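# Sequence and computational prediction follow.
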There are 2 protein chains.
Amino acid sequence: MAHIEIREPTFYILSALATGPKHGYAIVKEVGEMSHDRITLRVGTLYSALERLTESNLVRIHGEEVVDGRLRRYYALTDTGAGALRDEATKLAAASRQAIARLGTWTPSPALRGAWA
Amino acid sequence: MAHIEIREPTFYILSALATGPKHGYAIVKEVGEMSHDRITLRVGTLYSALERLTESNLVRIHGEEVVDGRLRRYYALTDTGAGALRDEATKLAAASRQAIARLGTWTPSPALRGAWA
DNA sequence: TGATATATATCGGTCATCGTAGTATCTTCA
DNA sequence: TGAAGATACTACGATGACCGATATATATCA
């Protein structure tokens, strides 16, 4: 149950699961929709992340189902996982607000005279 | 000038520079203050990040100065760097808001009867 | 004199993610 | 009929940002 790092793809996986249990392929689709297709969750990233998240008790296997001859393995957020997602989101929001505030003081470099046609 | 990834420490470095040029050690101190000492920027991380950021034109060397017999090398955000920080902050804010909204539907698991004293 | 603060340099190791390939089933359509 | 594409999971080497530790040097303070 060691500490794991939550980067962008893992954050989106947790966020995808926040509205209810989903199987792997559904998570890929959900992340695509959530990000307006700006993020493509790679399957290699997904399944290794799910393994880590399960290992560290942020996510648990919720059950399996065979649909049309294909296996679906469902994953669900644990209470710990929901808490971790909330903490992470809060941290990101604070860092973001702070950066925008600091940028408020930003003065762009003056354009160079004659530097363009 | 290839694409570089901005994780938490690098985000804070850019944010530290958003209020004006700073030398390396000052960046370490600033990040400590900005994060209320929740983040310790490692010097190895700092200098390798500054090299990457300079390489990709998000940051530039602003000048050097010797104070009390010690070298200070100043770094400044470029216009490109300020734009990258703003973009990144905006992205984080959106992902964060979305996660919090999705968690709004979250229902904690019912406590098990008799699971505690 | 020895510890702490200031300031930068270097480098092996870790680990989340990328990128790609593989296996298998079902549907669609020419 | 058979090729293409969507669905669904597995596996693995490479990449790169960051960690953690060490090194060097000067100034300050107890």
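Sure thing, it's come through.
# does residue A:66 sit in a helix, a strand or a coil?
The three-state label for residue A:66, taken from DSSP: H, G, I helix; E, B strand; the rest coil, comes out as strand.
# partners of the closest residue to it other than its chain neighbours in the sheet?
Nearest non-adjacent residue to residue A:66, counting by C-beta to C-beta, 6 or more residues apart in numbering or on different chains: residue A:72, 7.3 Å away. Heads up, the C-betas are built off the backbone N, CA and C, glycines and all. Taking DSSP bridges as the rule, residue A:72 bridges to residue A:65.
# I'd say residue A:72 and residue A:27 touch.
No: judged on C-beta atoms under 8 Å, residue A:72 makes no contact with residue A:27 at a distance of 11.1 Å.
# which one of these two has more residues nearby?
Taking neighbours as other C-beta atoms under 10 Å in any protein chain shown, residue A:72 and residue A:27 compare with residue A:27 leading, 24 against 15.
# show me the contacts for that one.
The neighbourhood of residue A:27, defined by C-beta atoms under 8 Å, 6 or more residues apart in numbering or on different chains, consists of A:13, A:16-17, A:41, A:46, A:75.
# Strands along chain A, start to end?
When secondary structure is read from DSSP state E, chain A shows strands at A:22-23, A:59-67, A:70-77.
# Quick one: mean pLDDT over stretch A:30-41.
When pLDDT is averaged over stretch A:30-41, the result is 96.
# Could you work out the end-to-end span of it for me?
Taking C-alpha to C-alpha, to the nearest Å as the measure, stretch A:30-41 stretches 10 Å from start to finish.
# Give the buried residues for that stretch.
By neighbour count, and taking 16 or more other C-beta atoms under 10 Å in any protein chain shown as the criterion, the buried residues in stretch A:30-41 are A:30-32, A:34-35, A:41.
# mind checking how far that stretch is from the chain centre?
Taking the mean C-alpha point of stretch A:30-41 and that of its whole chain, the gap between them comes to 10 Å (C-alpha atoms, centre = their mean, to the nearest Å).
# Is any residue of it near DNA strand D?
No: under the criterion of C-beta under 7 Å from any atom of the strand, DNA strand D is not reached by stretch A:30-41; the shortest gap measures 9.7 Å.
# interface residues of chain A facing DNA strand D?
Chain A comes close to DNA strand D at residues A:23-26, A:29, A:43-44, A:46-48, A:67-68, A:70-73, as judged by C-beta under 7 Å from any atom of the strand.
# Just the buried residues of those residues.
The neighbour-count criterion (16+ other C-beta under 10 Å) marks A:23-24, A:46 among the residues of chain A next to DNA strand D as buried.
# which other residues reach the biggest helix by length in chain A?
With residue count as the measure and DSSP state H as the assignment, chain A has helix A:79-103 as its longest helix. In this structure, residues lying in contact with helix A:79-103 by C-beta under 8 Å, 6+ apart are A:6, A:11, A:14-15, A:17-18, A:53, A:57-59, A:77, B:8, B:11-12, B:14-15, B:18-19, B:34, B:82, B:85-86, B:88-90, B:92-93, B:95-97, B:99-100, B:103, B:106, B:108-109.
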